[in-house]
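Student: predicted model follows, preceded by the sequence.
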Amino acid sequence: MPFSVGQKVLLAHLMDDEGNKLVTDVLPEAGTTINLRITDTLTQDATGTFAYIEFEAMKVDRVKAERCVSYVDHQLMQADFKNADDHDFLRSCAAKFGIKLSRAGNGICHQVHLERFARPGKTLIGSDSHTPTAGGVGQIALGAGGLNVTLAMAGQAFPMKMPKFVGVHLTGKLNEWCTAKDVILEILRRDGVRGGKGFLYEYYGEGVKNLSVPQRATITNMGTELGATTSIFPSDEATKEFMIKQEREEDWCEMTCDEGVKWDREIEINLADIVPMVAKPHSPGNVCRMDELEPEKVNQVVVGSCTNSSYEDLMAVASMLKGKTLPPHVSMGILPGSRQVLSLLARNGALADMVGAGCRILESGCGGCIGLGFSPRSDSITVRTFNRNFHGRCGTKSAGNYLVSPETATACALKGCFTDPRTLGLDVPVIPEYKPVVDDSMIIPALPPKESEKVEIIRGPNIKPMPTLQPVSDLTDIEVSLYTGDDITTDDIMMAGAKVLPFRSNIPELAKFCFNPVDPTFPERALALGRSVVIGGFNYGQGSSREHAAIAPLHLGVRAVIAKTYARIHAENLAAWGIVPLEFLNKDDYADIKRDDHLDMPNLVEQLNAGKNVQVTNKRTGNTYECECVVSGRGLDQLMAGGALLQAAQ
Ligand code: F3S
């Protein structure tokens, strides 16, 4: 049977429920849960600090995945001592657990990973949604929550839904001034930001050979904006060439798509038909042709991000800027994707061309992409080469944020208004043959086990250990600390935003905000009780998949939630953190309970283990309620063990 590249990599990494390799040449049905063996992981600092606190809580000595890298690239997120403290924590965790660490200044995780670590035929999960960038070299690369990355580092399989497959058939060659960014914007124009949900986008056909690896990575990076599971290219001669230049030919293997694969959906793209495109505010799916825009004034231009900051991208920009001066009303910033890219630009004079034109060179990292350090002024227009333009993402809520290719961004900067680069009359940038500066001195290698043992984890005041995890026990005389209504969201439980973000690795501090919009007295009362139960209405825990909405209540002693119904992901998260998610079988029982009531569940463990309903008695009214645990299988195993981390450590 013919298989695509994505199908081959998935098949080669399937595991059964007992954690054994599954040998099969039959593709699992789309939508069924598969367990994927993960060879490689990555974390970035914004999500990584907590991932390593979780890893520590598992009491596993050392990572078991083959290639684990910790990146520091979002480093401008916090003021005062917190950045530096986090970096020390990440460095000491990497040394302790056998992980490589890419230091602050070495570049954006996905760009550096593509250059130094991504490899065809293997599997990668990362605690960052643009991890699919590595699909540019033929790797199955998936964004995931921190807990799943932690479990993968410890050698656990990654449970995921088997995707459907979209075959994107590429023919032809891009015309001058038309780029890989325009290809993915065209696909976003066709499919929209939800069109890719449940699909893996695989690129094949003779047009593939006309795209370089960095161009392919631009496309797979922004597959995330389609909502796709991931995106992948074959691994071919161009991939081999890329790996040789990166001095890691040993990581290369050929991965090609067989003739006659049956796709669930097909997209035809003749690269020669692609024209400069733009995603208008406030969605990456709000795409039109660049030449359809009126020439409105542009105030700020930023080139960079994990989508468009390769050497090729920035050389095109430098060549357009050489000998020019930016108009006085335009501010232009450039974030080189990696130290490798920056070094090469510095050595060949391209950096001087950018600076000479009046550009501001920003740190090799994420900063400007998340609205930090380079936000546009009020009510202005910013043109960016990034992947997201949600409302306020650039840091200025009243600004219009437009996403384009580096060439289009530079054309807009030079002209000071929306400009199709084809109309500017400039010479087409020619990217000279190059050899990257391969220098891994900013990547601290993993320590050998003997040396790791001696490493002490450095914990600044904002890094606190996980709440204590413990197996489920019977609950008697346990108080109701909170009685909530219908449609409680994960935001209600654990708010997000700038006020609480710095405490993502400091659960005691974060938990002070737990249930703040519902009842600000809850954290203090719950903590004083030591252990308690929360009562919910219909659709409890709807909204995001935020795991801190389970961890903060756990820290405050919540041992069980009884609700009329749950949002599924939140119920799974509760179980994954050892909190029992129970549902009233008779929804009217909800009205029999009040805050401060005392409940008895004397046979909880036995009933859960036997898969039976749980009897809950209210000591005030004397009534007993029949409740059902809403997780089963793996979720129930995790719950009984006291959470996924304890279960994985068993
Ligand atoms: Fe960083 Fe922005 Fe990419 S935050 S990882 S450059 S999407």
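Tutor: On my side now, so go ahead. On a predicted model such as this, the values are computed, not experimentally measured, just so you know. Residues are numbered from 1 along each chain as shown.
Student: nearest to the ligand within the stretch 201-350 of the chain, name that residue for me.
Tutor: residue 306 (3.3 Å; Cβ to the nearest ligand atom). C-beta: built from backbone N, CA, C; applies to glycine.
Student: where's the closest residue to that residue other than its chain neighbours relative to the ligand, distance?
Tutor: Among residues not flanking residue 306 along the chain, residue 110 sits closest, at 3.8 Å (Cβ to Cβ, 6 or more residues apart in numbering). Computed as Cβ to the nearest ligand atom, to the nearest Å, the residue 110 to the ligand distance reads 6 Å.
Student: and the contacts of the helix or strand residue 110 falls within?
Tutor: Element membership for residue 110, per DSSP states H and E: helix 109-116. The contact list for helix 109-116, computed with Cβ atoms under 8 Å, 6 or more residues apart in numbering, reads 42, 44, 69, 71, 73, 102, 106, 124, 126, 128, 130-131, 133-134, 136-137, 213-214, 217, 221, 246, 248, 306, 309-310, 337-341, 436, 440, 443.
Student: of all the residues in the stretch 401-550 of the chain, which one is nearest the ligand?
Tutor: Counting by Cβ to the nearest ligand atom, the stretch 401-550 of the chain gets nearest the ligand through residue 403, at 11.3 Å.
Student: which residues touch the spatially closest residue to that residue that is not a sequence neighbour?
Tutor: Spatially, and ignoring its direct neighbours in sequence, residue 403 is nearest to residue 279 (4.0 Å; Cβ to Cβ, 6+ apart). Residue 279 sits next to 185, 188, 285, 286, 287, 389, 402, 403, 404 when contact means Cβ under 8 Å, 6+ apart.
Student: nearest spatial neighbour of the fifth one, skipping sequence neighbours?
Tutor: Same thing as residue 287. Nearest residue to residue 287, sequence neighbours excluded (Cβ to Cβ, 6+ apart): residue 189, at 3.7 Å.
Student: count of residues packed around the residue nearest to residue 306?
Tutor: Neighbours of residue 110 under the rule other Cβ atoms under 10 Å: 32.
Student: same check, this time on residue 79
Tutor: By other Cβ under 10 Å, 8 other residues sit near residue 79.
Student: okay, it and the ligand: tell me how far apart.
Tutor: Residue 79 is 18 Å from the ligand, by Cβ to the nearest ligand atom.
Student: and the pLDDT at that residue?
Tutor: If you check residue 79, the pLDDT there is 76.
Student: near the ligand, which residues of the stretch 201-350 of the chain?
Tutor: 305, 306 (Cβ under 6 Å from any ligand atom).
Student: which residues in the stretch 201-350 of the chain form helices?
Tutor: Here the stretch 201-350 of the chain has its helices, by DSSP state H, counting those that start in this stretch, at 213-221, 237-245, 311-321, 339-348, 350-357.
Student: tell me which of those helices sits most buried.
Tutor: Greatest average neighbour count among the helices of the stretch 201-350 of the chain goes to helix 213-221 (a mean of 27), per mean count of other Cβ atoms under 10 Å.
Student: that one versus helix 339-348: what angle between them?
Tutor: Here helix 213-221 runs at an angle of 140 degrees relative to helix 339-348 (axes from the mean of the first three to the mean of the last three Cα atoms, to 10 degrees).
Student: what's the angle between helix 213-221 and helix 311-321?
Tutor: Using the same axes, to 10 degrees: helix 213-221 against helix 311-321 is 110 degrees.
Student: any idea how far residue 199 is from the ligand?
Tutor: 21 Å.
Student: for that residue, grab phi and psi.
Tutor: When read as degrees, to the nearest 10, the backbone of residue 199 gives phi -110, psi 150.
Student: what is the burial count for residue 47?
Tutor: With other Cβ under 10 Å as criterion, residue 47 counts 19.
Student: count of residues packed around the residue nearest to it when sequence neighbours are not counted?
Tutor: The spatial neighbour of residue 47 that comes closest, neighbours along the chain excluded (Cβ to Cβ, 6+ apart), is residue 127 at 3.9 Å. By the criterion of other Cβ under 10 Å, residue 127 has 26 neighbours.
Student: now do the one 5 residues further on
Tutor: Other residues near residue 132 come to 30 when the count uses other Cβ under 10 Å.
Student: what sits against the closest residue in space to it that isn't next to it in sequence?
Tutor: Distances taken as Cβ to Cβ, 6+ apart put residue 230 closest to residue 132, at 4.3 Å, once the chain neighbours are dropped. Residue 230 is in contact with 6, 131, 132, 135, 140, 141, 142, 163, 200, 201, 220, 223, counting by Cβ under 8 Å, 6+ apart.
Student: in strands, which of those appear?
Tutor: Taking DSSP state E, the ones among the contacts of residue 230 that sit in strands are 140, 141, 142, 200, 201.
Student: tell me the one of the residues you listed nearest the ligand?
Tutor: residue 141 (12.9 Å).
Student: number of residues surrounding the closest one?
Tutor: 32.
Student: show residues contacting the helix or strand harbouring residue 408.
Tutor: Element membership for residue 408, per DSSP H and E: helix 406-415. Helix 406-415 is contacted from outside by 177, 179, 181, 276, 278, 290, 295, 298, 301-303, 308, 313-314, 316-317, 320-321, 324, 326-327, 330, 332, 383-385, 404, 418-421, 423-424, 426, 429, using Cβ under 8 Å, 6+ apart.
Student: now do stretch 500-520
Tutor: Contacts for stretch 500-520 (Cβ under 8 Å, 6+ apart): 46, 49-50, 53, 77-78, 82, 86, 89, 462-464, 466-467, 482, 484, 488, 491-495, 499, 522-523, 526-527, 548, 551-553, 555-556.
Student: can you go through the contacts of helix 406-415 and name the buried ones?
Tutor: Among these, those classed as buried by 16 or more other Cβ atoms under 10 Å are 177, 179, 181, 276, 278, 290, 298, 301-303, 308, 313-314, 316-317, 320-321, 326, 330, 332, 383-385, 404, 418-421, 424, 426, 429.
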